[in-house]
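Chemist: Fold the stuff below for me.
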Amino acid sequence: MIVHLSIHTPKPDKEQDLVASMHRFGAAGAGQPGFIEARILRDARSGRLVGMARWEDEASWRAGVEAMRAAVADDPFDEWERGETEGFFLEEV
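Modeler: The predicted model follows:
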C-alpha cells in the first residue's frame with residue numbers, strides 16, 4: 001500500500017476554496033485502477049489541512065495521479081495557501 005499525503009496551510013478566508021479543490025483531486029482518483037480512497041482531514045489545533053490518498057501500489061499511483069493533478073491544475077494555490085505544500089510519499093513497512 002502507498003499513501004500520498006499532502007499538508008496544506010490555508011489562508012483564513014480561502015479554506016473552503018482549498019477544501020473544494022482537495023475534494024476534486026480525490027474524486028478524480030476514484031475511477032483509477034488501484035485507487036483505494038482519498039480523505040481530507042483538518043488539524044483542530046492549527047487549522048492545517050491534510051489530504052491523504054491511498055493506493056494499492058506505487059505503479060497504480062504513478063498511472064493514476066496525473067488524472068488527479070489535472071483536475072486541479074488551474075487552481076490558484078498561491079492565492080489560497082500560506083507557504084509551500086508539504087508532500088509525503090509513504091510506503092508500508
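
Chemist: Let's verify Met52: helix, strand, or coil?
Modeler: strand (DSSP: H, G, I helix; E, B strand; the rest coil).

Chemist: Now it: closest residue in space, sequence neighbours ignored.
Modeler: Leaving out its chain neighbours, the residue that sits closest to Met52 by C-beta to C-beta, 6 or more residues apart in numbering is Arg39, at 4.8 Å. Every residue, glycine included, has its C-beta placed from N, CA and C.

Chemist: ok now do that neighbour, which residues does it touch?
Modeler: Going by C-beta atoms under 8 Å, 6 or more residues apart in numbering, Arg39 touches 26, 51-53.

Chemist: Let's verify it: helix, strand, or coil?
Modeler: Under three-state DSSP, Arg39 comes out as strand.

Chemist: Now do it against Arg69, distance only.
Modeler: 18 Å (C-beta to C-beta, to the nearest Å).

Chemist: again, but for Pro10
Modeler: 19 Å.

Chemist: Between these two, point out the one with more neighbours.
Modeler: Neighbours of Pro10 and Arg69, each counted by other C-beta atoms under 10 Å, are more numerous for Pro10; the result is 20 against 11.

Chemist: which non-adjacent residue is nearest the more buried one?
Modeler: Leu18 (4.6 Å).

Chemist: so which strand or helix has the one you found?
Modeler: helix 15-29 (DSSP states H and E).

Chemist: what's that helix in contact with?
Modeler: 8, 10, 35, 38-40, 47, 49, 51, 53, 64-65, 67-72, 75, 77, 80-81.

Chemist: ditto for stretch 68-88
Modeler: 3-11, 14, 17-18, 21, 24-29, 32, 53.

Chemist: same question, stretch 41-59
Modeler: Applying C-beta under 8 Å, 6+ apart, the set of residues contacting stretch 41-59 is 1-10, 15, 18-19, 22, 25-26, 29, 34-40, 61, 64-65, 68, 91.

Chemist: who's in contact with Phe14?
Modeler: Let me fix one detail, which is that residue 14 is Lys and not Phe. For Lys14, counting by C-beta under 8 Å, 6+ apart, the contacting residues are 79-81.
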